[in-house]
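Participant: Sequence first, predicted model second:
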Amino acid sequence: MARLPSDLDEYHMAGGIARRPVELVPCKTVDLEVPAHAEIVVEGYVPTDVLELEGPFGEFPGYMAKTEMTAFMNVTAIICRDGAIVQGFVSQFPPSENSVVSGVARESIVLKLLRVDEGMDNVLRVAAHESSGSGFGLLVIQVREPRPGQVARMFDVIPQRVRGKMTIVVDNDIDPYDADAVNWALSDDVLA
């Protein structure tokens, strides 16, 4: 569910969360390794020279997405444990499991991007508002005493790593999770 940086190995992340390495085994029909204790493994390959028409599907904003050409997978094997449990998250109109998990992941990615990668130690919190699709629509960043040019830098780097429609930066006296406080800050015409 989490959108991890492309250079971060998912098995290392999963092992870190579990506090032990993820045991891997080779696949039956493709040259990859998968978790040894997986409930279900779908093996196959994705052709790189052809696309297929897909959709339309219902999406998290509550509307149908467009039909589009996209990659597909040719399945070569399906391996299941006895009594396998299928776990999935339905991407639907918030609130939903997907919007909660996506929001937590998006907040963490942006916070790390700003604090660690960009050295902005005065960034306090990042709020991915669930009602807007957990950050696909609205991110609110709380900053203590923004430095000259810092907000402009945020607006440069965030779209490169995180897809979204609006990013709002507020001072540390505004709770970034409180939509009323954020709207008040946006509409207040008093200059500090």
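Facilitator: Done, it's in.

Participant: make it CA atoms for all contacts and neighbour counts henceforth
Facilitator: OK.

Participant: pLDDT weak spots in the chain?
Facilitator: Low-confidence segments of the chain, defined by pLDDT under 70: 1-3, 60-61, 89-91, 134-135, 189-192.

Participant: what's around residue 37, how many residues?
Facilitator: The number of residues packed near residue 37 is 12, by other CA atoms under 10 Å.

Participant: got the contact list for it?
Facilitator: residue 23 (CA atoms under 8 Å, 6 or more residues apart in numbering).

Participant: could you redo the last one with a cut-off of 6 Å?
Facilitator: For residue 37, the contact set (CA atoms under 6 Å, 6 or more residues apart in numbering) is empty.

Participant: same question, residue 35
Facilitator: Contact analysis of residue 35 by CA under 6 Å, 6+ apart lists 23-24.

Participant: can you pull out the strands in the chain?
Facilitator: Along the chain, the stretches classed as strands by DSSP state E are 24-26, 33-35, 40-45, 52-54, 68-70, 74-80, 123-128, 138-143, 166-171.

Participant: any chance of those strands in CSV, plus distance to residue 154?
Facilitator: Formatted as CSV, the strands of the chain follow (distance: least, CA to CA, whole Å):
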stretch, distance to residue 154
strand 24-26, 39
strand 33-35, 37
strand 40-45, 38
strand 52-54, 35
strand 68-70, 32
strand 74-80, 41
strand 123-128, 10
strand 138-143, 10
strand 166-171, 9
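
Participant: Of all the ones you listed, which one comes closest to residue 116?
Facilitator: Using CA to CA as the measure, strand 123-128 is the one of the strands of the chain that comes nearest residue 116, at 10.2 Å.

Participant: Show residues contacting that closest one.
Facilitator: Contacts of strand 123-128 (CA under 6 Å, 6+ apart): 103, 107, 134-135, 139-143, 176-177.

Participant: likewise stretch 51-63?
Facilitator: Against stretch 51-63 from outside (CA under 6 Å, 6+ apart): 64-71, 91-93.

Participant: Could you list the buried residues of stretch 16-29?
Facilitator: 22, 27 (16 or more other CA atoms under 10 Å).

Participant: starting at the chain centroid, how far to that stretch?
Facilitator: How far stretch 16-29 lies from its chain's middle: 22 Å, per CA atoms, centre = their mean, to the nearest Å.

Participant: same thing with stretch 39-57?
Facilitator: Counting by CA atoms, centre = their mean, stretch 39-57 is centred 21 Å from the centre of its parent chain.

Participant: next one: stretch 175-186
Facilitator: Computed by CA atoms, centre = their mean, the chain-centroid distance of stretch 175-186 equals 23 Å.
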